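Q: After the sequence you'll find the predicted model.
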Amino acid sequence: MIDRSSDRPLYQQLADLLREQIKAGELAPGAFVPSESSLMQEFALGRPAVRNAVSVLRQEGLVVSARGARTQVRPALERSVVELRPGDEVVGRMPTDPERRELGIDPGEPILEVTRADGQQQIFTAGAHQLRVVG
């Protein structure tokens, strides 16, 4: 529940509640997040608090939304395997704006920068790839 006497901002508390529902499977991958108006009514919050809470979840990569469409829990993705060999190095980081646009990923989704032993660099989206060490 929302604790109005807490020092934690209301939008963060709502984001926490929705995040827990997502992690517990109450809001399953592909499910729609309740509408702004229903969240406002259920938790007695203003529109800015609800929008900020959803924005936090979007930045965390838990939900996706498009202009004019309902917000949805990020559908489960099948992950492609990226094989790492001895001498390869990986850095996880946030993408630059041009990288994010080129990869077609939402703000808040990290990337994996793989530098191969021969110096070749590759970039992978963290949400759609998993790393496997071979050799």
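A: Done, it's in.
Q: if I pick Phe134, what's in contact with it?
A: No Phe there; residue 134 is Val. Counting by C-beta atoms under 8 Å, 6 or more residues apart in numbering, Val134 makes contact with 83-85. Every residue, glycine included, has its C-beta placed from N, CA and C.
Q: ok, 6 Å please
A: Neighbour list for Val134: Glu83 [criterion: C-beta atoms under 6 Å, 6 or more residues apart in numbering].
Q: Arg19 too?
A: With C-beta under 6 Å, 6+ apart as the criterion, no residue contacts Arg19.
Q: Identify the residue nearest Ser80 in space, chain neighbours excluded?
A: In this structure, Ser80 finds its nearest non-sequential neighbour in His129, 5.2 Å apart by C-beta to C-beta, 6 or more residues apart in numbering.
Q: Hmm, Val81 and the one you found touching each other?
A: No: if you go by C-beta atoms under 6 Å, His129 and Val81 don't touch, sitting 7.5 Å apart.
Q: okay, the two: which has more neighbours?
A: His129 (17 against 10; other C-beta atoms under 10 Å).
Q: now that one: how far from Arg85?
A: His129 sits 16 Å away from Arg85, going by C-beta to C-beta, to the nearest Å.
Q: Show me how the protein divides into domains.
A: Following automatic domain parsing, one gets these domains for the chain: 10-73, 80-133.
Q: one step back: who are the neighbours in contact with the residue nearest to Ser80?
A: Per C-beta under 6 Å, 6+ apart, neighbours of His129: 79-80, 82.
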